[in-house]
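**Student:** sequence plus predicted model, see below.
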Number of protein chains: 2
Amino acid sequence: MPSKNIKKKPDINTELKIKSAARVVFQKKGYAATRTRDIAEEAQVNLALITYYFRSKEKLFQLIMVETLANFFQKLGLLFNDEASTLEEKVQLIAEKYTDLLLEDPEIPLFIMSEIRSHGAAVLKNIPVAGNIMQSVFMKQYKEAVQKGKIIQMEPIHFLINLLGLVVFPFVNSPTIKKVGDLTNRQFEQLMQERKKLIPVWINAMCHAR
Amino acid sequence: MPSKNIKKKPDINTELKIKSAARVVFQKKGYAATRTRDIAEEAQVNLALITYYFRSKEKLFQLIMVETLANFFQKLGLLFNDEASTLEEKVQLIAEKYTDLLLEDPEIPLFIMSEIRSHGAAVLKNIPVAGNIMQSVFMKQYKEAVQKGKIIQMEPIHFLINLLGLVVFPFVNSPTIKKVGDLTNRQFEQLMQERKKLIPVWINAMCHAR
DNA sequence: GTCTATAACGTGATAGAC
DNA sequence: GTCTATCACGTTATAGAC
């Protein structure tokens, strides 16, 4: 019988401490601007332990990158493939849950975009959901609605870009938006909360544009 | 009388060659991932000449950054403050000209966002238009139209986020979009051309959502 | 597993010949 | 102005004691 799962704090474990710290620092500064010393300090751990557990900065980065992408797209995939909801409900679901995800972890989209830019799009190769979004339940429902004449023709890829753009864009641009709109962090978050309800309305209107 | 303006090719000038190369490399890889050797190679110029003309990598970067921001926001500012056009016309103008700008120089938005992330939003301090967008002719016309009941109430900041997001988002995400939609570069550009005409229609629909 | 000390390397910057 | 050679430094990675 299993007997050693009495451990409570996960980050008492040095390896996990380093991994968490690496995630934070890499996501904030990007690969090139991150020094292993930053990670060691963030983890409050001796510098040499990074090599001991992960062999190299590059290896550690790959690990974080793959985990981040897989986790992120997996969550998106769940929303896009929910079987129980209608198209309209799924738009609401995506606007709400995706926004919640970004409110919790606002750095992720810009992190992913930046690293794709410098490391190349090859990082997306092995991520399952990234390539299958066009075949998701959500997109099938969308195409069906168009076919039935319930909403006007809009190329599925435009529809997807628009929905994701309305959700994600303010997060990747938050510094500029805060500056332009003279917003505190609190006010910015409030704005994102509002958008959770507004985006479905806007998307609906776009789908019925003349 | 001035007599020495017979020079033709601008990039025969070493200083300009370096500056152009630096702009290309910095915008593609970001400050931290760029080595001065990359710039020298791109400019096909000896490494030492970078220091000779620009003192340091940091100084050269600052120059490129300020020029890029000033030029970019100045062009945006012209669109937002055009006196001759109506609100509807300005939406069309922005969708079209801003898209053209990005088709020509697709790396700029992600470059700006990334460097703001690592260098801090302070880089926006001295850029005139960045802070004044909310007081532009365009935004004044928008608020007026809301007041007159011509379009439904939507917070000006939401309106701005939506318009800019619809234009810019596909460009900062082009690798993912090309992958997801299985698009060639040519097809992607075609898609952006379509959006120039569609975005005004969508924006209009959003402004009349129930 | 964790630490200190240091090796090995890459990169920004400079000196000095031409 | 341009080049070669090299320095100075910061960073990643490792050796070896504990």
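**Tutor:** The structure has been received and is ready for your questions.
**Student:** which helix or strand in chain A has the lowest average pLDDT?
**Tutor:** Ranked by mean pLDDT, DSSP states H and E, the weakest helix or strand in chain A is helix A:128-132, scoring a mean of 83.
**Student:** other SSEs contacting the very next helix or strand once past that helix?
**Tutor:** Following helix A:128-132 in sequence order, the next helix or strand is helix A:137-147 (DSSP states H and E). Packing contacts for helix A:137-147, counted by 3 or more C-beta pairs under 8 Å, 6 or more residues apart in numbering or on different chains; DSSP states H and E, involve helix A:57-80, helix A:87-104, helix A:156-172. C-beta coordinates here come from the backbone N, C-alpha and C atoms, glycine included.
**Student:** mind checking which of the ones you listed is nearest chain B?
**Tutor:** helix A:156-172 (3.3 Å; C-beta to the nearest C-beta).
**Student:** ok so, going back, contact partners of the least confident helix or strand of chain A?
**Tutor:** Residues external to helix A:128-132 that are found in contact with it (C-beta atoms under 8 Å, 6 or more residues apart in numbering or on different chains): A:Leu69, A:Ala70, A:Phe73, A:Gln74, A:Leu76, A:Gly77, A:Phe80, A:Leu124, B:Thr176, B:Lys179, B:Val180.
**Student:** quick one: which of those residues is most hemmed in?
**Tutor:** Of all those, the highest neighbour tally under other C-beta atoms under 10 Å in any protein chain shown goes to A:Phe80, namely 24 neighbours.
**Student:** can you count the residues close to the residue lying closest to that one once chain neighbours are set aside?
**Tutor:** Nearest non-adjacent residue to A:Phe80, counting by C-beta to C-beta, 6 or more residues apart in numbering or on different chains: A:Ser136, 3.9 Å away. Neighbours of A:Ser136 under the rule other C-beta under 10 Å: 19.
**Student:** check A:Ser136 and give its pLDDT.
**Tutor:** A:Ser136 carries a pLDDT value of 97.
**Student:** from chain B, how far off is it?
**Tutor:** 10 Å (C-beta to the nearest C-beta, to the nearest Å).
**Student:** cool, A:Cys207 as well?
**Tutor:** 8 Å.
**Student:** the domain parsing of chain A - what is it?
**Tutor:** A:10-55, A:66-207 (automatic domain parsing).
**Student:** quick check: phi and psi at the residue in chain A that DNA strand D sits nearest to.
**Tutor:** Here chain A gets closest to DNA strand D at one residue, A:Ser56, 3.0 Å apart by C-beta to the nearest atom of the strand. For A:Ser56, the backbone dihedrals (degrees, to the nearest 10) come out as phi -160, psi 160.
**Student:** distance of it from A:Leu63?
**Tutor:** Distance, A:Ser56 to A:Leu63, by C-beta to C-beta, to the nearest Å: 11 Å.
**Student:** more neighbours, the two?
**Tutor:** A:Leu63 (14 against 11).
**Student:** confidence score at that one?
**Tutor:** A:Leu63 is given a pLDDT of 97.
**Student:** quick one, grab the pLDDT at A:Ile127.
**Tutor:** Confidence score, pLDDT, at A:Ile127: 85.
**Student:** again with A:Leu60
**Tutor:** 98.
**Student:** that one - nearest residue in space that isn't next to it in sequence?
**Tutor:** Counting by C-beta to C-beta, 6+ apart, the residue nearest A:Leu60 is A:Phe54, at 4.0 Å.
**Student:** quick check, pLDDT for the one you found.
**Tutor:** For A:Phe54, the predicted pLDDT is 98.
**Student:** go on, A:Pro156?
**Tutor:** The confidence metric pLDDT takes the value 98 at A:Pro156.
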